[in-house]
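Novice: Sequence first, predicted coordinates after that:
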Amino acid sequence: MSFVVDPSKIIVNEVPKIERIGVHSHISGLGLDEKLNPMKDNQGMVGQMKARKAAGLIVKMIKEGKIAGRAILITGPPGTGKTALAMGISKAISSATPFVSMTASEVFSTEISKTEVLTQAIRKAIGITIAEKKNVIMGEVVSIESERPSSGLGRRTGKVTLKTTDMEAVFDIGSKMVESIIKERIAAGDIIRIDKSTGTVERLGRSSMRNRGYDAVSGSTNEVPCPSGEIEQHIEIVDTVALHEIDAINSRAQGYLTVFSGDTGEIKSEVREAVDKKINEWREQERARIVPGVLFIDEVHVLDLECFAFLNRAMEGEFAPIIVMATNKDFANIRGTSFRSAHGIPVDLLDRALIVRTNSYGSEEVYQILSIRARAEGVQIEEETLQGLCKIQGTTGSLRYAMQLITVSDVIRSRTSATTVNKEHLQKAYGLFMDVDRMRKSLVADASKFISYV
Ligand SMILES: Nc1ncnc2c1ncn2[C@@H]1O[C@H](COP(=O)(O)OP(=O)(O)OP(=O)(O)O)[C@@H](O)[C@H]1O
């Protein structure tokens with residue numbers, strides 16, 4: 001089957017080459033070798049050798065399903081890579097294992113109860129793998145075309161041409177599918193799978209044949225071989241959904257829309273009990289499998305006694321994820337009580353946690369992290385300027401501040417004809433934005449000019 005394509009109608013999307021640069025986007029794993037020994041500088045991770053080795057063992061135990069119902073606590077001074085380590089863990093475990101990240105304060109900032117927020121987070125971190133036979137259309141995208149009705153009003157419809165190594169075919173697609181193709185930024189050369197019953201379009205990766213020469217630019221594209229045989233197939237698809245999604249769908253009060261709006265509200269315990277019962281039936285019939293994921297709770301010292309007690313109990317539940325907590329607090333009162341404890345965490349929870357410690361960085365590690373960051377942000381920086389940045393980190397003691405200066409200096413550089421960030425750009429950035437220490441000193445010096453409430 002072939003189809004003559006009108007070039008004016010083709011919307012073959014460019015593969016997106018711009019990625020948002022998040023603060024941890026340079027981290028792609030824990031940077032360990034096959035014996036789980038940390039390499040000095042690998043996968044964006046630098047130093048913290050002991051903590052990374054410990055994290056590697058945690059990943060191994062997660063993969064072997066050995067530590068459900070356990071807690072991990074990562075402690076260390078601010079900016080020593082606790083969240084980076086959690087990111088490394090999430091990248092190192094399989095993509096089918098759920099990883100949910102939250103800050104403890106989120107528990108107090110919504111209209112639903114604290115324990116409900118924690119229950120939802122826990123159930124988001126538990127995956128259910130369900131195997132189902134489905135009719136699918138699968139192949140490499142040759143072209144996509146779409147057009148609006150001649151009136152100019154109404155929805156787009158279109159055609160997608162797919163191929164395998166053995167055949168090529170054109171399929172009519174409805175407006176919903178056109179929208180999801182645009183939303184998923186599907187382009188010629190992508191391998192896609194369309195579920196015939198639901199119309200869901202899934203991007204499986206980039207064709208290894210088409211991708212040659214491109215990977216060097218993005219470095220992040222998932223290459224897949226072009227499928228062979230028939231384009232339409234009846235295959236078993238294994239989907240992993242979060243337990244919370246199943247709860248939300250079954251929560252009659254809110255119904256279907258809640259999953260997509262993210263506004264689930266409280267879910268009744270009867271709904272969860274019914275869901276658990278059904279999942280257990282599926283497990284007995286070997287149709288479903290539980291995948292305990294990871295729930296990462298940052299700034300865990302912000303939780304109160306009720307939340308800690310709840311977590312303690314939840315870890316003993318039938319479906320329990322691995323709870324990874326992080327804190328930079330030394331000693332503190334457990335919130336809501338006058339009991340003082342290490343990290344503001346009750347002793348019984350500390351006692352059942354595997355504790356990992358991160359330490360402050362030496363100058364060589366700071367240099368490596370800053371140069372990795374500059375590279376991740378696509379910033380060219382003179383060697384001497386990078387050394388200057390390391391000195392600033394040394395005096396301010398803040399890795400985060402030094403990282404911010406990379407971005408600001410580059411914006412200052414972009415307003416000149418220079419292609420590389422130099423000392424002058426850095427000095428300007430340093431002059432315009434204060435670090436915490438200078439801010440504190442200026443506050444003390446000018447205290448009388450500020451409004452005081454005491
Ligand atoms: N060992 C490391 N390798 C690479 N990048 C790191 C490392 N440690 C920290 N970073 C980077 O430094 C920045 C600060 O680290 P991070 O946010 O992980 O610190 P933290 O210990 O969680 O701090 P806080 O206690 O303030 O929450 C992040 O951009 C992080 O990716």
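Specialist: Arrived safely, thanks for sending.
Novice: From residue 52, how far off is the residue of the stretch 201-350 of the chain at minimum distance from the ligand?
Specialist: Here the stretch 201-350 of the chain gets closest to the ligand at one residue, residue 328, 3.4 Å apart by CB to the nearest ligand atom. Heads up, the C-betas are built off the backbone N, CA and C, glycines and all. According to CB to CB, to the nearest Å, residue 328 stands 18 Å off from residue 52.
Novice: Who has more neighbours out of these two?
Specialist: Counted by other CB atoms under 10 Å, residue 328 and residue 52 do not tie: residue 52 has more neighbours, with 28 against 17.
Novice: Does the more buried one belong to a helix, a strand or coil?
Specialist: At residue 52 the chain is in helix, as set by DSSP: H, G, I helix; E, B strand; the rest coil.
Novice: Beta-bridge partners for the closest residue to it other than its chain neighbours, please?
Specialist: Leaving out its chain neighbours, the residue that sits closest to residue 52 by CB to CB, 6 or more residues apart in numbering is residue 38, at 4.0 Å. Beta-bridge partners of residue 38, counted by DSSP bridges, are residue 32.
Novice: Any figure for the gap between the residue nearest to the residue of the stretch 201-350 of the chain closest to the ligand when sequence neighbours are not counted and residue 378?
Specialist: Leaving aside its chain neighbours, residue 328 sits nearest to residue 78 (4.7 Å; criterion: CB to CB, 6+ apart). In this structure, residue 78 and residue 378 are 27 Å apart, going by CB to CB.
Novice: do residue 241 as well
Specialist: Going from residue 241 to residue 378 by CB to CB gives 36 Å.
Novice: quick one, phi psi at the nearest residue to residue 223 once chain neighbours are set aside?
Specialist: Nearest non-adjacent residue to residue 223, counting by CB to CB, 6+ apart: residue 208, 4.4 Å away. Dihedral pair for residue 208: phi -60, psi -30, per degrees, to the nearest 10.
Novice: wouldn't residue 208 be in contact with residue 191 here?
Specialist: No: counting by CB atoms under 8 Å, residue 208 sits too far from residue 191 to count as a contact (9.1 Å).
Novice: more neighbours, those two?
Specialist: residue 191 (25 against 17).
Novice: In the beta-sheet assignment, what are the partners of that one?
Specialist: Using DSSP bridges, the bridge partners assigned to residue 191 are residue 140, residue 205.
Novice: List the buried residues for the strand or helix carrying residue 308?
Specialist: In the assignment (DSSP states H and E), residue 308 maps to helix 305-314. For helix 305-314, a neighbour-count test (16 or more other CB atoms under 10 Å) marks 307-308, 310-311, 314 as buried.
Novice: Now do the nearest residue to residue 343 once chain neighbours are set aside, the pLDDT please.
Specialist: Distances taken as CB to CB, 6+ apart place residue 327 nearest to residue 343, at 4.7 Å, with adjacent residues excluded. Predicted confidence (pLDDT) at residue 327: the value is 97.
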